[in-house]
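Q: show me how the following folds:
(one chain, ligands or ions: 2)
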Amino acid sequence: MKLGILGATGRMGQAVIASTPRYNVTVTAAVVSQQSNRYGEPIRANTAGAGVRFQHAHELQPGQVDVLIDFSLPQALADNLQLAQQLQVPIVVCTTGLSEQQQHLLSQATEQVPVLYAANTSVGITLLRQLVQLTAAALPDTDIEIFEAHHSAKRDGPSGTAVVLGESAAAGRGKSLAELSAGVRADGVREFGSIGFSVLRAADIIGEHTVMFAHTGERIELTHRVSNRKVFAQGAIQAAQWLVKQPNGLYSMADMLQLKTLLKQLV
Ligand SMILES: NC(=O)C1=CN([C@@H]2O[C@H](COP(=O)(O)OP(=O)(O)OC[C@H]3O[C@@H](n4cnc5c(N)ncnc54)[C@H](OP(=O)(O)O)[C@@H]3O)[C@@H](O)[C@H]2O)C=CC1
Ligand SMILES: O=C(O)C1=N[C@H](C(=O)O)C[C@H](O)C1
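A: Ligands and ions are numbered 1, 2, ... in the order given. Predicted coordinates for the structure are as follows:
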């Protein structure tokens with residue numbers, strides 16, 4: 001499979017390039033922004049695709065890639081979706097902090113190409129979302145609080161993962177997150193039934209999320225911690241391998257892992 005990476009010089013772009021030898025995947029395009037100072041440099045850690053250099057999106061040729069993975073930034077989303085449509089290839093979008101307008105662009109693009117959107121490409125978070133929904137439904141009187149911690153260079157908050165965990169918790173209560181979210185409480189006051197968020201940024205923390213369900217006298221905490229970015233990179237590559245076989249439409253990691261089918265068999 002010929003893979004194109006958008007945001008190729010970034011923390012995640014580099015992790016994806018480093019992870020490809022484990023799969024039957026060759027990086028044939030490594031895209032950088034117009035402002036990038038890495039343009040024209042050879043990419044490293046891609047044995048099969050030796051000779052590939054960082055290039056600009058408009059230089060990509062038809063047939064150069066079978067699929068794109070986007071680990072750039074939300075401000076590049078419109079251009080990246082346009083590129084996928086122009087090349088007629090599927091795209092796995094992994095950026096977080098998307099505006100409503102950007103989410104609308106994602107839906108529009110699914111009419112032309114297959115799109116998989118994942119705020120978190122780890123298998124663990126995909127499973128955790130199901131557990132959170134189940135726990136929120138099973139314990140309707142508990143207070144729900146979501147905590148996340150990331151590295152100091154992260155630009156958005158609460159993280160995309162914290163937001164989707166909040167959506168799963170709200171779904172368990174039969175509501176939308178917009179109805180239940182208290183956001184990051186500035187006044188510290190809790191309203192019964194609301195879902196609050198706490199954000200920590202420090203040093204090189206890769207990604208930690210805890211959803212707390214609290215009753216007076218007891219609490220459950222569901223936690224996921226990532227200590228290596230290859231967890232996200234491998235999930236994104238597996239998603240790309242799956243997406244190239246799908247028709248146009250909007251997909252999630254849960255679709256890729258067939259998690260709902262699996263859970264129905266278990267519960
Ligand atoms: N879904 C998931 O599992 C995960 C998602 N993420 C998300 O992925 C995104 C990237 O994270 P991370 O790798 O840490 O971030 P980085 O800042 O390390 O990398 C982003 C890269 O995007 C490139 N870029 C910046 N502006 C543009 C632009 N306008 N057009 C194209 N490229 C641009 C930059 O490189 P250059 O200018 O050289 O091109 C930069 O290196 C974030 O939104 C993050 O939240 C992160 C981890 C896991
Ligand atoms: O920016 C990051 O680093 C991460 N971003 C994603 C998010 O916002 O949820 C996923 C992961 O936690 C790392």
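
Q: what's the neighbour count on whichever residue of the stretch 1-150 of the chain sits closest to ligand 2?
A: Scanning the stretch 1-150 of the chain for proximity to ligand 2 using CB to the nearest ligand atom identifies Thr96 as nearest, at 3.6 Å. Every residue, glycine included, has its C-beta placed from N, CA and C. Using other CB atoms under 10 Å, Thr96 has 21 neighbouring residues.

Q: the one 3 residues further on now?
A: Number of residues near Ser99 (other CB under 10 Å) recorded here: 11.

Q: quick one, what contacts the residue nearest to it when sequence neighbours are not counted?
A: In this structure, Ser99 finds its nearest non-sequential neighbour in Pro74, 7.1 Å apart by CB to CB, 6 or more residues apart in numbering. Taking CB atoms under 8 Å, 6 or more residues apart in numbering, we find Pro74 in contact with 95-99, 102, 156.

Q: ligand 1 versus the residue of the stretch 1-150 of the chain closest to ligand 2, what's the distance?
A: Using CB to the nearest ligand atom, to the nearest Å, one obtains 4 Å as the distance from Thr96 to ligand 1.

Q: could you confirm that residue falls within a strand?
A: No. Assessed by DSSP: H, G, I helix; E, B strand; the rest coil, Thr96 does not belong to a strand; its assignment is coil.

Q: hmm, back to that, mind putting the contacts of Pro74 in JSON lines, distance to Glu145 and pLDDT included?
A: As requested, these are arranged in JSON lines below (distance: CB to CB, whole Å; pLDDT from 0 to 100):
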{"residue": "Thr95", "distance to Glu145": "26", "pLDDT": "98"}
{"residue": "Thr96", "distance to Glu145": "20", "pLDDT": "98"}
{"residue": "Gly97", "distance to Glu145": "21", "pLDDT": "97"}
{"residue": "Leu98", "distance to Glu145": "24", "pLDDT": "97"}
{"residue": "Ser99", "distance to Glu145": "25", "pLDDT": "97"}
{"residue": "Gln102", "distance to Glu145": "27", "pLDDT": "98"}
{"residue": "Asp156", "distance to Glu145": "19", "pLDDT": "97"}
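
Q: among the residues you listed, which one has the most neighbours?
A: Each of the contacts of Pro74 was scored for neighbours by other CB under 10 Å, and Thr95 scores highest at 23 neighbours.

Q: ok, for that residue, nearest residue in space, not its chain neighbours?
A: By the measure of CB to CB, 6+ apart, the closest residue to Thr95 outside its immediate chain neighbours is Pro74, 5.1 Å from it.

Q: partners of Gly4 in the sheet?
A: In this structure, Gly4 has the following beta-bridge partners (DSSP bridges): Ala29, Leu68.

Q: isn't it up against Glu59?
A: No. Gly4 sits out of contact with Glu59 when judged by CB atoms under 8 Å, with a separation of 11.3 Å.
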